[in-house]
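Trainee: no letters, just coordinates:
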């Protein structure tokens, strides 16, 4: 509580719009409709991005979120963890050069995890939970010289498995 009170008394940034607990929320003026970024006051290393999915299942490239978080953090060498706090969504690294890869991944997930009528989960999205569990909630990327190390064709994707929905992606930046 003491930390929260000090945060309310100090002006850490001129465009803080409101406080959530002890976390100030900034609005990115250039991309206000695309995402909001939250930075922790304690270490300025956690970034929260909002996105809206438009399909039941989709692979959404979130490289821009990763690059923005690294740039804003100023970290030149370290790690970035891209994390999804949803039980019917995931984060993965895969090819972004050919859109057919994403289509094939979607078809493969549907073939592997069809949404059977005999599943008993009341929301009817058991397939989304299975896809999320198998793919995973996070990916870790090495940062070198202020850039994420990704292969030539690689991108980081948010995987929607029960959309369309409003979703969040967090990026945690850790310096060496």
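Mentor: Received it, and whenever you're ready, just let me know what you need. Owing to the predicted nature of the structure, the values given are computational and were not obtained by experimental measurement. Residues are numbered from 1 along each chain as shown.
Trainee: check contacts around residue 138.
Mentor: Counting by C-beta atoms under 8 Å, 6 or more residues apart in numbering, residue 138 touches 81, 82, 83, 84, 91. Placement of C-beta: from N, CA and C, glycine included.
Trainee: can you give me the buried ones in the helix or strand hosting the first one?
Mentor: I take that to be residue 81. Here residue 81 sits within strand 77-83, counting by DSSP states H and E. By 16 or more other C-beta atoms under 10 Å, the buried positions in strand 77-83 come out as 78, 80, 82, 83.
Trainee: same for it, what does it pack against?
Mentor: helix 63-73, strand 138-144, strand 166-175 (3 or more C-beta pairs under 8 Å, 6 or more residues apart in numbering; DSSP states H and E).
Trainee: ok, the very next helix or strand once past that strand: who's next to it in the sheet?
Mentor: Going down the chain from strand 77-83, the next helix or strand is strand 89-95, by DSSP H and E. According to DSSP bridges, strand 89-95 forms sheet pairs with strand 154-160 (antiparallel).
Trainee: ok now the strand it pairs with, how far from the chain's centre?
Mentor: 9 Å (C-alpha atoms, centre = their mean, to the nearest Å).
Trainee: need the three-state assignment for the residue of the chain positioned farthest from its centre.
Mentor: Each residue of the chain has a distance to the centre, and by C-alpha atoms, centre = their mean the biggest one is for residue 118: 31.8 Å. When classified by DSSP: H, G, I helix; E, B strand; the rest coil, residue 118 comes out as coil.
Trainee: next: residue 106.
Mentor: Per three-state DSSP, residue 106 ends up helix.
Trainee: with adjacent residues omitted, what lies nearest to it?
Mentor: The shortest distance from residue 106 to any non-neighbouring residue, by C-beta to C-beta, 6 or more residues apart in numbering, is to residue 57 (5.4 Å).
Trainee: separation between the one you found and residue 95?
Mentor: 17 Å (C-beta to C-beta, to the nearest Å).
Trainee: so for those two, which residue has more residues nearby?
Mentor: Between residue 57 and residue 95, counting by other C-beta atoms under 10 Å, residue 57 is the more crowded of the two (21 against 17).
Trainee: next, the contact list for the residue nearest to residue 106, please.
Mentor: Residue 57 neighbours (C-beta under 8 Å, 6+ apart): 106, 109, 110, 128, 131, 159, 160, 161, 162, 163.
Trainee: ok, and the closest non-adjacent residue to the fifth one?
Mentor: This points to residue 131. With sequence-adjacent residues excluded and distances taken as C-beta to C-beta, 6+ apart, residue 131 is closest to residue 161, at 4.1 Å.
Trainee: ok, and the closest non-adjacent residue to residue 169?
Mentor: For residue 169, ignoring the flanking residues on the chain, the nearest one in space by C-beta to C-beta, 6+ apart is residue 49 at 4.8 Å.
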